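> My questions concern the predicted model and sequence given below.
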Amino acid sequence: MTTSTTGGPTTVADTQNPPGGTDGRGRSARKRRAVLDAAREVFLRGGYLGTNMDEIAALSGVSKQTVYKHFGSKEALFVEIVTSMTTGAGDTVHDRLPEPAEGDDLAEYLREYAYRQLTVVLTPDLMRLRRLVIGEVSRFPELARVLHEGGPARAMRAMAALFERLAGEGRLAVDDPETAASHFNWLVMAEPVNRAMLLGDGAIPSQEELRRHAEDGVRVFLAAYGRDTGRSPE
């Protein structure tokens, strides 16, 4: 067995991608991505205590020294996984749905918003991540804040800003955008997320059920905040 420059055993990935050269940064980025992908799988499967860096190194095809070079510690790698997964989910919900244009069906827009939020949050990996972070909250209280800030808090800030704009355009009757955002969030998210969190992946509703739940939540929301509260949004 040969030895890497860091003192550990040289892996196939290390020998195929020697340091230096014009593509050094590209190789480094690929190794980092491989480590993150492997760590995500291992942490979600075994939890924090059940995960070791040797397993992550073997799965990612790099040496353990390379893992430490990129992330410094198991804790730092765990923080990176939580941050990247939470940020990616939030980007999918809030950054990839265009603003409603004048003349668009507002009820349909909100139904699509609610459905997108449900389908992104209610994926098995994100549910496992939430359970994992809750289980480690006494050890890593900062992680719970990272998850909350990048998840529910970000969602409610984005919705509050949206509802404030729509109220300014005369399309919603909203005096307190933050409260309206909280009502929308809990109408849409509370029941299916709580069920999946407590009962496991098998309790995640089907796409058809999520569509129906999104429609019901939006109907109740617009009954309270629509400009014509006496008329169904359908």
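Alright, I've got the coordinates. Numbering: from 1, shown residues only.

> With residue 116 as the reference, measure out to residue 187.
Separation of residue 187 from residue 116 (CB to CB, to the nearest Å): 15 Å. C-beta coordinates here come from the backbone N, C-alpha and C atoms, glycine included.

> My read is that residue 86 contacts residue 150, right?
Yes: between residue 86 and residue 150 there is a contact under CB atoms under 8 Å: 3.6 Å.

> This protein - how does it break down into domains?
12-72, 76-225 (automatic domain parsing).

> so what secondary structure elements neighbour the helix or strand containing residue 179?
Residue 179 belongs to helix 177-199 when assigned by DSSP states H and E. Applying 3 or more CB pairs under 8 Å, 6 or more residues apart in numbering; DSSP states H and E, we find helix 177-199 packed against helix 106-121, helix 124-135, helix 154-168, helix 207-225.

> who's in contact with residue 84?
With CB atoms under 8 Å, 6 or more residues apart in numbering as the criterion, the residues that contact residue 84 are residue 36.

> Can you say which helix or strand has it in it?
Residue 84 belongs to helix 74-94, assigned by DSSP H and E.

> Provide a list of residue ranges in this structure with pLDDT below threshold.
1-24, 96-97, 228-234 (pLDDT under 70).

> any idea of the angle the helix holding residue 84 forms with helix 106-121?
160 degrees (axes from the mean of the first three to the mean of the last three CA atoms, to 10 degrees).

> now helix 74-94 against helix 124-135, angle please.
Computed by the same axes, to 10 degrees, the angle between helix 74-94 and helix 124-135 is 130 degrees.

> can you pull the buried residues of helix 74-94?
74, 77-82, 85-86, 89-90, 93-94 (16 or more other CB atoms under 10 Å).

> Now distance to residue 175 and mean neighbour count too, for the helices and strands packed on helix 177-199, in CSV please.
What follows is those, written out as CSV (distance: least, CB to CB, whole Å; neighbours: other CB atoms under 10 Å):
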stretch, distance to residue 175, mean neighbour count
helix 106-121, 18, 20
helix 124-135, 32, 17
helix 154-168, 8, 19
helix 207-225, 10, 17
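
> need these in TSV with distance to residue 30, can you?
Below are the helices and strands packed on helix 177-199 laid out as TSV (distance: least, CB to CB, whole Å):
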stretch	distance to residue 30
helix 106-121	27
helix 124-135	22
helix 154-168	29
helix 207-225	34
